[in-house]
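Trainee: sequence and computational prediction follow.
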Amino acid sequence: MVGQVFLVIITITQAALAGSPFAQIGVPEQESPFAIQQPPVYLKTLTSTRAEALEDEGDLQADVLVNATLDRVGRSFHTGDADELEACLVSGKRKIYLSLGFDDNQRGHYGPGQVRHIFGRLFREVETRSFIYDSTKVERHSGNATFSADWTYVVLDTDEAVTERLLFKLEKGTSDWRIYEIRAASR
């Protein structure tokens, strides 16, 4: 019995060396995976796994950078620090679109210093009760990100609590994410 098994193994090995196994079962040589030099399945799996790992690594890095910007924005609203907010805005000659629900006069495109001035005045007139956002609901696509936050504040003269839903749009910079639009959700 052992001799027969050994003989079968030798016969199979010789047949494999004589030609592709596909030719022996009637598949033309030009249609076999060996004839068109396809990489083995395990190599495809390793290649796609590496590409997915690099993409996931890039996504993780982007998530960390977006979350760092979100934390800074949240801190600026909680502390009423317009300078902190300005550090999150696009810079240079880029303008930021601003459209807030409580002030129709401020709708338009502004430079970072102008936005700092607008929010500096606003932060002096209100007291932030909360600034709530969900970092798991940030939408990222092609170098842009969008998130919303519920900003609850009290106008100092009235003691009336107001909640505004603000939408923020960010773009990926060289080492961080920067805001290029802030608008009230109803706008």
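Mentor: Thanks, I have it.
Trainee: what segments of the protein are strands?
Mentor: Assigned by DSSP state E, the chain shows strands spanning 96-99, 108-110, 126-133, 139-141, 144-155, 161-172, 177-184.
Trainee: pick out the shakiest of these, pLDDT-wise.
Mentor: The stretch with the lowest mean pLDDT among those is strand 139-141, at a mean of 89.
Trainee: what strands line up against it, and which way round?
Mentor: Note on strand 139-141: by DSSP bridges, its sheet partners are strand 144-155 (antiparallel).
Trainee: quick check: buried residues in the partner strand?
Mentor: The neighbour-count check on strand 144-155 (16 or more other C-beta atoms under 10 Å) flags A145, F147, S148, A149, W151, T152, Y153 as buried. Just so you know, the C-beta spots here come from the backbone N, C-alpha and C atoms, and that holds for glycine as well.
Trainee: now do the helices in the chain.
Mentor: Using DSSP state H, the helices of the chain run over 2-18, 21-24, 41-79, 82-86, 112-125.
Trainee: rounded mean pLDDT for the last one, please.
Mentor: Averaging the model's pLDDT scores along helix 112-125 yields 94.
Trainee: hey, C-alpha coordinates of that helix in CSV?
Mentor: In CSV, the C-alpha atoms belonging to helix 112-125 read as follows (Å, rounded to 0.1, in the frame of the first residue of the first chain):
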residue,chain,number,x,y,z
PRO,A,112,-9.7,85.1,9.7
GLY,A,113,-9.1,88.4,11.6
GLN,A,114,-12.6,89.6,10.9
VAL,A,115,-14.2,86.3,12.0
ARG,A,116,-12.1,86.6,15.2
HIS,A,117,-13.5,90.1,15.8
ILE,A,118,-17.1,89.0,15.1
PHE,A,119,-16.8,86.1,17.5
GLY,A,120,-14.9,88.2,20.1
ARG,A,121,-17.8,90.6,20.2
LEU,A,122,-20.3,87.8,20.3
PHE,A,123,-18.5,85.9,23.1
ARG,A,124,-18.5,89.1,25.2
GLU,A,125,-22.3,89.4,24.7
